[in-house]
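Visitor: Have a look at this prediction, sequence included:
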Amino acid sequence: MFQQLIAQVIEQAGRHPNITWRGRYANACVALECEGERQFLTFNEDGVAVSEDQPTDEVTFSLTASETAWQALVSSEPRPGFQSLSAMRRTGHLSVGGDHVAFYQNLLPLELLFSLSRPRPEKSAATKPTIDPIIGRYLNMDFQGRPHRIYFEEAGDAGGIPLICLHTAGADGRQYREILNDEAITEHFRVVVFDLPWHGKSSPPAGFQDEIYKLTTDGYVDIVMAMKSALGLNNPVIMGCSIGGRAVLHLALRHGQELRAVIGLQSALNAENKIDGEPEGLRAIHRPDVHGGEVSAALMAGLIAPQSNSADAWETLWHYMQGGPGVFMGDLNYYFTDGDMRNGMAAGIDTAQCPVYLLTGEYDTSATPELSRQLATDINATSFEVMENMGHFPMSENPEDFRSYLLPVLDKITANSP
């Protein structure tokens with residue numbers, strides 16, 4: 001059964017051009033192991049192939065899982081934790097042996113190979129040219145004693161409730177494109193999305209070549225409040241995802257009296273940095289012998305729900321492929337270390353003063369529903385809901401379904417606003 005399953009995967013996806021061209025440079029032999037059985041997957045100048053017999057090349061690395069796990073990976077709708085190789089690693093259903101660096105070098109084609117055996121839903125294309133009602137500008141200001149040029153986009157009623165949106169680690173404000181285009185939201189809200197310094201169109205400050213970028217709690221909170229002040233956004237709602245979902249907690253704690261409410265997408269008190277007991281962990285996204293953009297996208301592919309349509313899922317991953325060297329890693333300093341809130345500080349969040357609404361995708365293996373549920377209990381969150389058929393990037397990977405969860409929250413905020 002295992003041999004037939006792997007052979008079927010190769011037959012369905014093995015000729016894909018974004019897989020086969022890599023073989024010219026990869027020259028890797030991957031042992032796929034299942035309960036005593038082995039299949040050998042090779043990437044070389046001939047493309048990708050599978051064999052029951054070990055090739056003359058030595059095994060570069062191995063992937064080991066149960067037959068149940070392999071079958072779940074290629075099923076039409078896998079349950080959470082089995083949607084990708086990296087998701088299976090995070091949940092303990094797949095182990096990697098051998099050369100871990102080679103694993104990261106080949107992770108994107110491997111994820112692509114298995115995901116193509118389970119095609120994503122397609123998104124309907126636009127029938128005629130349209131222009132988004134989004135205005136993009138640059139804000140020039142001093143921040144932490146240095147001049148910065150911050151890019152931001154906005155849409156909606158200039159006199160409406162300000163809604164500041166915070167993007168995920170290593171990405172940028174394009175993740176909120178559908179929020180900016182949603183008339184049901186912009187009718188009542190002035191939506192503002194900015195790229196953090198070093199991200200997207202917000203260049204690093206002068207002298208960046210002489211430093212290593214690291215995002216800290218103080219730096220994150222301060223840049224949000226600086227943008228709020230510079231743009232005159234009084235009593236705003238702040239919505240953030242992933243690192244942004246953590247930041248809204250720090251903002252509610254430190255500046256709750258200045259905020260109307262916060263909305264945490266994929267929020268948790270902490271995140272774990274280790275995968276499969278590997279000491280290198282996610283530091284592989286910033287190595288000179290690994291393409292940081294590709295491995296970042298490959299790892300994030302494991303956090304996207306299989307129900308998300310192909311166009312939005314791959315656009316989300318494209319943003320990660322474009323990140324500056326070391327920027328994603330620098331953001332994770334906040335996500336994993338500096339922004340950890342397990343020290344009890346979250347108990348100081350006053351949800352009566354600053355309501356906290358939590359929404360978490362069921363396919364997220366980083367800020368899991370269990371972690372978000374514990375957070376909701378610890379801080380007495382205003383509301384908490386698990387979003388079905390969504391992963392770590394609900395606003396960009398599945399914006400159509402996400403709005404059905406977000407709009408009721410925004411309605412509550414509007415109803416409670418003076």
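Guide: Looks like it arrived, so ask away.

Visitor: Quick one: the helices in the stretch 201-350 of the chain, in order.
Guide: Using DSSP state H, counting those that start in this stretch, the helices of the stretch 201-350 of the chain run over 217-230, 243-255, 292-301, 310-321, 327-332.

Visitor: Buried residues, the first one. List them.
Guide: Right, helix 217-230. By neighbour count on 16 or more other CB atoms under 10 Å, the buried set for helix 217-230 is 217, 219-221, 223-228. C-betas here are computed from N, CA, C, even on glycine.

Visitor: any chance of those in CSV, plus distance to Val409 and pLDDT?
Guide: Putting the buried residues of helix 217-230 into CSV (distance: CB to CB, whole Å; pLDDT from 0 to 100) gives the following:
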residue, distance to Val409, pLDDT
Thr217, 25, 98
Gly219, 28, 98
Tyr220, 23, 98
Val221, 22, 98
Ile223, 24, 98
Val224, 19, 98
Met225, 23, 98
Ala226, 26, 98
Met227, 22, 98
Lys228, 20, 98
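
Visitor: quick one on the thing from earlier: the helices of the stretch 201-350 of the chain: which one's closest to Gln374?
Guide: helix 243-255 (12.9 Å; CB to CB).

Visitor: Please enumerate residues in contact with that closest one?
Guide: Helix 243-255 is contacted from outside by 165-169, 215, 217, 220-221, 224-225, 238-240, 259, 262-269, 331, 334-335, 339, 341, 345-346, 348-351, 354, 356, 367, 375, 379, using CB atoms under 8 Å, 6 or more residues apart in numbering.

Visitor: Swap in 6 Å and give it another go.
Guide: Residues outside helix 243-255 that contact it (CB atoms under 6 Å, 6 or more residues apart in numbering): 166, 169, 217, 220-221, 238, 240, 262, 264-267, 331, 334-335, 339, 348-349, 354, 356.

Visitor: Measure how that helix sits relative to helix 217-230, angle-wise.
Guide: Computed by axes from the mean of the first three to the mean of the last three CA atoms, to 10 degrees, the angle separating helix 243-255 from helix 217-230 equals 80 degrees.

Visitor: and helix 243-255, how far from the chain's centre?
Guide: Here the centre of helix 243-255 is set off from its chain's centre by 18 Å, with CA atoms, centre = their mean, to the nearest Å.

Visitor: Going by residue numbers, what spans are strands in this protein?
Guide: Along the chain, the stretches classed as strands by DSSP state E are 28-34, 37-44, 47-51, 61-64, 95-98, 135-143, 146-156, 161-166, 189-194, 237-241, 261-265, 356-361, 383-387.

Visitor: nearest to Ile10, of these?
Guide: strand 47-51 (4.8 Å).

Visitor: In terms of secondary structure, what does the closest one contact?
Guide: For strand 47-51, the packing partners by 3 or more CB pairs under 6 Å, 6 or more residues apart in numbering; DSSP states H and E come out as strand 37-44.

Visitor: Of the strands of the chain, which is nearest Gln83?
Guide: In terms of CB to CB, the element of the strands of the chain nearest to Gln83 is strand 356-361, at 11.2 Å.

Visitor: For His319, give me its contacts.
Guide: In this structure, His319 makes contact with 171, 174, judged by CB under 6 Å, 6+ apart.

Visitor: related to what we said a few turns ago, lowest mean pLDDT across the strands of the chain, which one is that?
Guide: Sorting those by mean pLDDT places strand 47-51 lowest, at a mean of 80.

Visitor: re the thing from before, format the helices of the stretch 201-350 of the chain as a markdown table; extra columns: distance to Pro418.
Guide: Converted to a markdown table, those look like this (distance: least, CB to CB, whole Å):
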| stretch | distance to Pro418 |
| --- | --- |
| helix 217-230 | 19 |
| helix 243-255 | 19 |
| helix 292-301 | 40 |
| helix 310-321 | 36 |
| helix 327-332 | 36 |
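
Visitor: Nothing else from me, thank you.
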